[in-house]
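>>> A structural model of the following input is requested.
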Amino acid sequence: MKCLLFIFALAICSVSCISTEKLPERQDPIQDIKVIKNDTLKISDNDLEHDIIIVEPGYNSWLASNAKPKGFYNQMHLESNNLKYVREWNARVLQREKYPANLYEAQIFYNSSVNYGYDVNYKLFNYFIYFQNTYKQNLLGGRVPLN
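As a prediction, the model looks like this:
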C-alpha cells in the first residue's frame, strides 16, 4: 500500500507542468513521446521546454482505449478545461480535512500564459478525466466526462 501511495505521490508531483532547462537542439522538431516503464508516460516538447510525466497504473491503456482521439478537441478547449481542473485540484490539495489527502497530495503548477503545446494539454486533460472516473471524484461539479 505504501508503494502504491508513493507511486501516486510521484504521479501528482510529476503531472505538474514545469519549465526545464534548455535541451540541445534537434533537427527533428517532433515531440519525443516515450514509455519509460510500465505505466509511466513522458511527453517532452523540445521546442517549448516542457515535460509532463504521468505515473499512474492503468493510465496508458485507458488513454489508448478510452480517450477521444487527438484533434477531437482544439488546444483552446483543452487549455480552458485544464485551467479549471488545475484550480480545483490545487484548492483540494489545500483542504486536507475535506478531501482525501492520498488523492490530492501535491499542487499542479500550470500557468495559463504559457503555451505548453497540444500534446501536453491533451495528456493533462485526459489525466483529469481518467482520475475522476477511476477515483470517483468530480472536480468541476456536474457530469464527469466518460472520456
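>>> burial count for Ala91?
Residues near Ala91, counting by other C-beta atoms under 10 Å, number 14. For every residue, glycine as well, the C-beta is placed using N, CA and C.
>>> Over to Ala64?
With other C-beta under 10 Å as criterion, Ala64 counts 8.
>>> Now the element after the helix or strand harbouring it, going C-ward?
Counting by DSSP states H and E, the element that carries Ala64 is helix 59-66. Remark: after helix 59-66, the chain's next helix or strand is helix 75-94, criterion DSSP H and E.
>>> rewinding a little: which strands or helices does the helix holding Ala64 pack on?
If you count contacts as 3 or more C-beta pairs under 8 Å, 6 or more residues apart in numbering; DSSP states H and E, helix 59-66 packs onto strand 40-45, helix 118-134.
>>> Return the set of buried residues in that helix.
Tyr59, Trp62, Leu63 (16 or more other C-beta atoms under 10 Å).
>>> and the helices and strands packed on helix 59-66, which one is worst for confidence?
Lowest mean pLDDT within the helices and strands packed on helix 59-66: strand 40-45, at a mean of 50.
>>> For the helix holding Ala64, the averaged confidence score.
90.
>>> Now the terminal residues of stretch 102-109, how far apart.
With C-alpha to C-alpha, to the nearest Å as the measure, stretch 102-109 spans 19 Å from end to end.
>>> One more: stretch 134-141?
For stretch 134-141, the first and last residues are 16 Å from each other (C-alpha to C-alpha).
>>> Correct me if wrong, but Ile52 is in a helix.
No: using DSSP: H, G, I helix; E, B strand; the rest coil, the secondary structure at Ile52 is strand, not a helix.
>>> Now do it: how many residues are near it, please.
When neighbours are counted by other C-beta under 10 Å, Ile52 registers 24.
>>> repeat for Glu79
Glu79, neighbours per other C-beta under 10 Å, totals 21.
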